[in-house]
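Asks: give me coordinates for this.
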Amino acid sequence: MALKDMNQAELSAFLSECKAAYADYQAQDLKLDMSRGKPSPKQLDLSAGLLDCLKAEDLKGENGDYRNYGVLDGIPEAKALFAPMLGVEPDEVFMFGNASLQAMYFAISNAFSHGIMGSTPWSKLDKVKFLCPVPGYDRHFRITEFFGVEMINVPCTEDGPDMDMVEQYVGSDPAVKGIWCVPQYANPSGIVYSDETVKRFANLKPAAKDFRIFWDNAYCIHHLVDNPKMILPILDEAKKAGNPDIVYEFASTAKITFAGAGVSMMAASKANLADLSKALGTFTISFDKVNQMRHVKFFDGKYENVLKHMEKQKAEMAPKFACVLDTLNKEIRPLGIGEWTEPKGGYFVSFNAPNGTAKRIVQLCKEAGVVLTGAGAAFPYGKDPEDRNIRIAPSYPEVAELQKAMDLFVLCVKIAAAEQLVK
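Replies: Numbering: from 1, shown residues only. Modelled structure (predicted):
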């Protein structure tokens, strides 16, 4: 029976039963963390070969001795290995450090200090705005908030951001300088942008000549199913549209190899890379070329080996997503007190509780020993206008621990929803 169809006596009995079960959880002294999409120890162990795959002679490559200074844009072997992941040519890739967030932050910072391709530095403008598809990635929003950017929520459908709204803002307001996008298995919803959405992005006609799409392709090969739907390569579509400079694309191996010691990359037009390299050449002499070559050797320089490695990652992740979705379908769907995505890849499930209950659910979970990402984190400024969205990150716990955490989670959803209806 749906919770909304219960009378007050039934609701009160239901709530009392749930609270008794909740007290049992509190007595267990649980300490489970589902706050971030961290790879599990078993996932990290899949890349243990990175630690001993290099010999000294491997570090003398196409561009000299990689233990030394130089090669600002990254070693050619690494660019060739990862270019197919981004759907670009090797000469459209710039290798960064261990995290793509560094590259995103750098691009924003450079736009504020020096502008983009000769444009007015953003720091000298009265207003800078960014479009933010929601729910979205909290760390994206943290970057633009740090620089004082005005962030504008853009709702999403199963095909991606509301493109009518995007085109209206981008085409009419020169203060709109960018948009955050996670196009393949969006964080946290797991949606995959449709071909039409990608093409509409590529064909945008910005009022601001220094508008850029920040295309964070973080989960582009993190599939949970066979024969997954793939997005169109945005740089190719931008070239076809006569907009080659409109996009910066980012990715990393943070969730492929070692989260804290992977390699990251940025793909863009040659003109964009040349523009950014002026500042990068001041910022650093080079990023970690030894680590770049370590990844090349680990995968034997073949992109097909990267994909084979991701099959092993899928084997670790798929049972955890099944645990989350099975529990929600069994415990929440009959009661009609939530909606959620069923992603085919990525790292998260986006859960929408009844309006006004997300903070209460997260609080209840925390008080019983399960830490979730804060309610509202998937929105700019951490403010979910409906207080309903919760990001579920199933990757880190073992399945048995995850099941216990999910059992508690659905119990907290029931309590919060029943409390609201009783009131």
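
Asks: which helix runs longest in this structure?
Replies: In the chain, assigned by DSSP state H, the helix with the most residues is helix 303-331.

Asks: what helices or strands is that helix leaning on?
Replies: helix 41-45, helix 76-86, strand 349-352, helix 399-422 (3 or more CB pairs under 8 Å, 6 or more residues apart in numbering; DSSP states H and E). Just so you know, the C-beta spots here come from the backbone N, C-alpha and C atoms, and that holds for glycine as well.

Asks: which stretches in the stretch 151-300 of the chain count as strands?
Replies: For the stretch 151-300 of the chain, the strands identified by DSSP state E, counting those that start in this stretch occupy 160-161, 176-181, 212-216, 247-252, 264-267, in order along the chain.

Asks: mean confidence score for the first one?
Replies: Meaning strand 160-161. Computed over strand 160-161, the mean pLDDT rounds to 98.

Asks: strands paired with it, and their directions?
Replies: Here strand 160-161 has these sheet partners by DSSP bridges: strand 150-157 (antiparallel).

Asks: can you pull the buried residues of the strand it pairs with?
Replies: 151-154, 156 (16 or more other CB atoms under 10 Å).

Asks: run the angle between it and strand 176-181 for me.
Replies: Calculated by axes from the mean of the first three to the mean of the last three CA atoms, to 10 degrees, strand 150-157 forms an angle of 40 degrees with strand 176-181.

Asks: can you list the neighbours in contact with strand 150-157?
Replies: The set of residues external to strand 150-157 that reach it, using CB atoms under 8 Å, 6 or more residues apart in numbering, is 127-135, 141, 144-145, 161-162, 165-166, 169, 175-176, 179, 186, 189, 191, 379-381, 385.

Asks: run the chain-centre distance for the longest helix of the chain.
Replies: The chain centre lies 16 Å from the centre of helix 303-331; the measure is CA atoms, centre = their mean, to the nearest Å.

Asks: okay, now the unreliable bits of the stretch 101-250 of the chain?
Replies: Within the stretch 101-250 of the chain, no stretch falls below the threshold (pLDDT under 70).

Asks: distance check, the residue lying closest to residue 393 once chain neighbours are set aside against residue 308.
Replies: Spatial nearest neighbour of residue 393, chain neighbours left out: residue 37 (4.6 Å); criterion: CB to CB, 6 or more residues apart in numbering. The gap separating residue 37 from residue 308 is 22 Å, by CB to CB, to the nearest Å.

Asks: burial measure for residue 127, as a count.
Replies: Other residues within reach of residue 127, judged by other CB atoms under 10 Å, total 13.

Asks: and residue 412, how far is that from residue 232?
Replies: Residue 412 is 40 Å from residue 232, where distance means CB to CB.

Asks: those two: which has the busier surroundings?
Replies: Neighbour count, other CB under 10 Å: between residue 412 and residue 232, residue 412 has more, with 26 against 19.

Asks: how about the closest residue to that one other than its chain neighbours, secondary structure?
Replies: With sequence-adjacent residues excluded and distances taken as CB to CB, 6+ apart, residue 412 is closest to residue 364, at 3.9 Å. Put simply, residue 364 is helix when judged by DSSP: H, G, I helix; E, B strand; the rest coil.

Asks: so who does residue 364 touch?
Replies: Contacts for residue 364 were tallied using CB under 8 Å, 6+ apart; they are 22, 412, 415-416.

Asks: can you list the domains in the chain?
Replies: When the chain is parsed with automatic domain parsing, its domains come out as 3-43+307-422, 68-299.

Asks: ok, which of those comes nearest residue 55?
Replies: Closest approach to residue 55 among the domains of the chain is made by domain 68-299 (8.5 Å; CB to CB).

Asks: span of the closest one from start to end?
Replies: In domain 68-299, first residue to last residue: 23 Å (CA to CA, to the nearest Å).

Asks: quick one, strands of the stretch 1-150 of the chain?
Replies: Taking DSSP E, counting those that start in this stretch as the criterion, the stretch 1-150 of the chain carries its strands at 32-34, 60-61, 64-65, 93-95, 129-134, 150-157.

Asks: closest one to residue 347 among those?
Replies: When these are compared for distance to residue 347 using CB to CB, the nearest one is strand 32-34, at 11.2 Å.

Asks: show me what the closest one is packed against.
Replies: Contact partners of strand 32-34 among helices and strands, from 3+ CB pairs under 8 Å, 6+ apart: strand 370-372, helix 399-422.

Asks: related to what we said a few turns ago, kindly indicate which of the buried residues of strand 150-157 lies nearest residue 115.
Replies: residue 151 (20.5 Å).

Asks: hey, what's that closest one bridged with?
Replies: Note on residue 151: beta-bridge partners residue 130, judged by DSSP bridges.

Asks: circling back: and residue 37 and residue 308? which has more neighbours close in?
Replies: When residue 37 and residue 308 are compared for neighbours, residue 37 comes out ahead with 24 against 11, by other CB under 10 Å.

Asks: how close does that one sit to residue 385?
Replies: Residue 37 sits 24 Å away from residue 385, going by CB to CB.

Asks: same list, the strands of the stretch 151-300 of the chain, but as JSON lines with distance to residue 357 and mean neighbour count please.
Replies: Below are these laid out as JSON lines (distance: least, CB to CB, whole Å; neighbours: other CB atoms under 10 Å):
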{"stretch": "strand 160-161", "distance to residue 357": "26", "mean neighbour count": "26"}
{"stretch": "strand 176-181", "distance to residue 357": "27", "mean neighbour count": "26"}
{"stretch": "strand 212-216", "distance to residue 357": "30", "mean neighbour count": "25"}
{"stretch": "strand 247-252", "distance to residue 357": "34", "mean neighbour count": "25"}
{"stretch": "strand 264-267", "distance to residue 357": "37", "mean neighbour count": "27"}
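
Asks: so for residue 395, which of these sits nearest?
Replies: Set against residue 395 and scored by CB to CB, these come closest in strand 247-252, at 15.7 Å.
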